[in-house]
Every structure is written in structure tokens, then in C-alpha cells.
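> Show me the folded form of this:
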Amino acid sequence: MLQTILAPNPSPLTGPGTNTFLLGEKNIAVIDPGPDIASHREAILAAAGGHISHILVTHAHLDHSEGAAALAAATGAPVCAFSNADAGRSAHMQKLAAATGGGEGRDLVFAPDELLRDGDSVSTPDWSLTAIHTPGHMGNHLAFLWEDQLFCGDVILGWSSTLISPPDGDLLDYFRSLDRIEALRPARLLPAHGAPVETPDARIHELREHRRNRTAQIMTALADGPSDAASLAERLYDISPRMLPAAARNVLAHLIALTELGAVIPDTDIAADAQFRLR
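You can find the predicted model right below:
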């Protein structure tokens, strides 16, 4: 039995809100308990009827993990996740952490009771879930495979592309995670924001092409001369001004990936406001 409870946290970045999934009947897994909102926690407890056995968190952003501690206190269920908010970053992103800014929405006090690594399984008589490490949106991001369906957190959304904000976000890791998910051949994706994805292959192809097209736009813009992420975002995105800071974070992720691949170089050390030019 699968239930979905929508958290009351709609926003430009969360879409209609965070999907909290309840899987099982006598042993219920809560996947992404969402923000720490009392009404949302009460809705989860009411739907579970006292049978919550595990709390699983895809990643340590507040809109996914903040409610875990209070729900665990109310139920005694362990919180299972990859690790804290700093875990899982690539070595390159670790080096860039101080210079790139970012850190939007991180749950800095998140501390799971049980750590899960890639391939670990959590099982009860009701269900079995396998953890799949899927960094890209965040280094500690896990997806959870249930039979032929995948709880994919924020790597794949049902309504938009995901924010990739360094140093937590890593575009090269993101592409690798898309490849990993595609190789699993899930029949259905269950994202933490938006509707289920019934055609995973088509959605993955769409997301790859979106990022590749954005990379091509950045390269074309840099042919006119050096620029920083914020200026490129203002030039390339047709969005509300209040969303431009998030767009600049995505552009920075592209610029860092292009630097790693040797296509562009920064005029100084890589930083959020660094100027980049074609190599």
C-alpha cells in the first residue's frame, strides 16, 4: 500500500510542495517526512495509524529532512539516510566549498540514526527498499528502489528540472546519477515534488537534453567574452527576477563542470563571482 501526503510548503523551488510517501500497512516506511510543520506531521501520523517502523530521507534539505526528528520522537522509528548535510560531496566540490557559496536550504542539524550506503537494503514483511546513491542535486542524496518503482527524491522532479547549486550540487555527478537511474530501468518514478513520472526513459532524456542545451547556450555566450554566472543567468534565462539567483547557481554548476572538462577556464580561482572564458 502506497500513500502520498503533500506537505503545505509550495514555492517556486518545491512546486506544489514536498511529497511524503507512506509505504506498507503493518510496517510503514515514511519516505521524506518533509518540513517540520505540525499539521503535516499530524497528517502522517493519522494516515499511518501507529504503524511507522522506519523513516527514510532522500537528502538533508529542510523541505525533506526537517520533520524527521519530531516524527522519530513521536513514533520511536529510526531515521535512515546516507549521512549529514556535508556528506557525499566529490573531492573537487569539497575543495570549492568555501569559495562557491551556496548551501541553500541545508538541514545542518540532520543526524540519521542509521547510515545507508549504495546498495544497502531495508526490509520488513511489508516491503523492501534498496538505497541507490544518486548525488548531483546534493552529495548525500539517495533514491530508494521498491520493486520496479523508484522514489527519486529531487534528482528527477515531476514538474521542473532540479536546482544544482555547488558545492552540494554537482552537474557531472547529476549526469552520472541520471545514467544510473536509467540503467535500473524503473517502470515508474516517484519524485519528491510533482506527479509520478510514468515514462522514465523519456523524462531522463528530456532532462539530459535540457542541461546539454544550457551548456551550449553558455558556450555560445562566452564566445562573446568572459562572464560570470550571474551575468550569464540574466542573459540566458527568461524568468522572474526573483528566480535569477537560483538560475545563477545552476549556471555556476555548468561552469564548474566545463572547467573540469577543460572547455572553459576561470580568470581567477573558481568562485561564485569568478569570470570564466573559453579555453
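> Give the ranges of residues in the stretch 101-250 of the chain that sit below the confidence cut-off.
By pLDDT under 70, the stretch 101-250 of the chain contains no weakly predicted segment.
> show me where it has helices.
Secondary structure of the stretch 101-250 of the chain (DSSP state H, counting those that start in this stretch): helices at 171-184, 200-222, 229-236, 244-260.
> what angle do the longest one and helix 244-260 make?
Looking back up the chat, that one is helix 200-222. Angle of helix 200-222 versus helix 244-260, following axes from the mean of the first three to the mean of the last three CA atoms, to 10 degrees, is 80 degrees.
> quick one: the closest residue to residue 244 other than its chain neighbours from residue 241, how far?
Nearest non-adjacent residue to residue 244, counting by CB to CB, 6 or more residues apart in numbering: residue 233, 5.5 Å away. (C-beta placed from N, C-alpha, C; glycine too.) Using CB to CB, to the nearest Å, one obtains 11 Å as the distance from residue 233 to residue 241.
> Who has more neighbours out of those two?
Ranked by neighbour count (other CB atoms under 10 Å), residue 233 and residue 241 place residue 233 first, with 22 against 7.
> so what's residue 242 up against?
residue 12 (CB atoms under 8 Å, 6 or more residues apart in numbering).
> Let me see the ranges of the strands in the stretch 51-200 of the chain.
Secondary structure of the stretch 51-200 of the chain by DSSP state E, counting those that start in this stretch: the strands cover 52-56, 79-81, 114-115, 121-123, 128-133, 142-146, 149-153, 188-191.
> what would those look like in a markdown table with distance to residue 263?
Formatted as a markdown table, the strands of the stretch 51-200 of the chain follow (distance: least, CB to CB, whole Å):
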| stretch | distance to residue 263 |
| --- | --- |
| strand 52-56 | 38 |
| strand 79-81 | 35 |
| strand 114-115 | 36 |
| strand 121-123 | 40 |
| strand 128-133 | 27 |
| strand 142-146 | 29 |
| strand 149-153 | 29 |
| strand 188-191 | 30 |
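> what about those strands, which gets the closest to residue 94?
Proximity to residue 94 (CB to CB) singles out strand 128-133 among those, at 16.3 Å.
> Could you check how far residue 83 is from residue 257?
24 Å.
> neighbour-wise, which of these two wins?
Ranked by neighbour count (other CB under 10 Å), residue 83 and residue 257 place residue 257 first, with 22 against 17.
> these two touch, right, the more buried one and residue 169?
No. The criterion here is CB atoms under 8 Å, and residue 257 misses it with residue 169 at 10.3 Å.
> got a list of what the residue nearest to residue 244 touches?
For residue 233, the contacting residues are 244, 247-248, 250-251, by CB under 8 Å, 6+ apart.
> Then residue 41 would be within a helix, right?
Yes. Using DSSP: H, G, I helix; E, B strand; the rest coil, the assignment for residue 41 is a helix.
> before we move on, the earlier item: just say which of the helices of the stretch 101-250 of the chain is most tucked in.
Comparing the helices of the stretch 101-250 of the chain by mean neighbour count (mean count of other CB atoms under 10 Å), helix 244-260 comes out on top with a mean of 22.
> for that one, packing partners?
Here helix 244-260 touches helix 91-100, helix 171-184, helix 200-222, helix 229-236, strand 264-266, strand 276-278, going by 3 or more CB pairs under 8 Å, 6 or more residues apart in numbering; DSSP states H and E.
> which one of these lies closest to residue 27?
Among those, helix 171-184 comes nearest to residue 27, with 24.0 Å by CB to CB.
> what's the pLDDT at residue 100?
On the pLDDT scale, residue 100 is placed at 94.
> Apologies, that question was intended for residue 92.
In this model, residue 92 is scored at 87, pLDDT.
> Distance check, it against residue 99.
Per CB to CB, residue 92 is found 12 Å from residue 99.
> contacting residues around the closest residue to residue 218 other than its chain neighbours?
Excluding the flanking residues, the one nearest residue 218 by CB to CB, 6+ apart is residue 254, at 5.4 Å. Residue 254 makes contact with 171, 211, 214-215, 218, according to CB under 8 Å, 6+ apart.
> again, only using 10 Å
Going by CB atoms under 10 Å, 6 or more residues apart in numbering, residue 254 touches 164, 171, 211, 214-215, 217-219, 229, 232, 264, 276.
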